[in-house]
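*Asks:* Generate a structure from the sequence data that follows.
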Amino acid sequence: MEAFRIENIEFRKTTSLKDEDVWEIVKWEKNPYYGKEKEYVLDEGEDFYHPRNSKNVHIAKSLFHTPETCYTLGWIEGKWDPDESRFDEEPDFRSCGVRPFLLTGKEEKIFWEVVRQVYINFGYDVWKLPDGK
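*Replies:* Residues are numbered from 1 along each chain as shown. Have a look, this model is predicted:
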């Protein structure tokens with residue numbers, strides 16, 4: 001299964017877990033730290049920065065160098081059979097808490113379209129959206 005992105009919602013193989021059979025759906029957004037490294041203090045002996053007025057916040061150095069950042073909305077996992085290009089059993093979808101419910105109306109519609117496309121691409125019959133698309 002190839003990664004794909006619709007506007008700011010992306011489906012991709014997870015980068016945070018070592019499990020080969022887990023994919024994630026992430027939301028991309030403008031990175032508020034991009035290009036602002038000089039506004040923060042480097043923690044001594046660390047690769048993290050903090051705001052000048054607080055040492056309780058840690059910002060990874062790499063975050064200053066990417067114009068976008070993302071966070072996970074949910075995962076799809078199951079035993080993937082690469083020879084058959086499908087799951088051995090119906091994959092399990094899990095949301096990351098309430099995050100999908102905090103999306104804007106348009107983002108929520110895109111999110112569920114991404115989930116639907118993933119299941120279709122994995123060979124499952126899935127619902128149509130209420131507007132028939």
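*Asks:* In this structure, where is pLDDT below threshold?
*Replies:* Residue ranges of the chain with pLDDT under 70: 16-20, 79-82, 84-89, 125-133.
*Asks:* quick one, what contacts the residue nearest to S95 when sequence neighbours are not counted?
*Replies:* Among residues not flanking S95 along the chain, G74 sits closest, at 4.3 Å (Cβ to Cβ, 6 or more residues apart in numbering). Backbone N, C-alpha and C define where each C-beta goes, glycine included. By Cβ atoms under 8 Å, 6 or more residues apart in numbering, G74 lies in contact with 24-25, 93-96, 99-100, 115.
*Asks:* Give the bridge partners for G74, please.
*Replies:* G74 has these beta-bridge partners by DSSP bridges: I25, S95.
*Asks:* Distance-wise, check it relative to T14.
*Replies:* 11 Å (Cβ to Cβ, to the nearest Å).
*Asks:* L63 now?
*Replies:* Taken as Cβ to Cβ, the span from L63 to T14 is 19 Å.
*Asks:* do the same with Y34
*Replies:* From Y34 across to T14, the span is 23 Å (Cβ to Cβ).
*Asks:* Neighbour count: those two, which is higher?
*Replies:* T14 (18 against 14; other Cβ atoms under 10 Å).
*Asks:* Correct me if wrong: that one contacts V22.
*Replies:* Yes: the criterion here is Cβ atoms under 8 Å, and T14 meets it with V22 at 4.6 Å.
*Asks:* Apart from its neighbours in sequence, what residue is nearest the residue nearest to the spatial centre of the chain?
*Replies:* Geometric centre of the chain, nearest residue: V26, 1.8 Å, by Cα atoms, centre = their mean. Excluding the flanking residues, the one nearest V26 by Cβ to Cβ, 6+ apart is C70, at 4.1 Å.
*Asks:* This completes my enquiry, with thanks.
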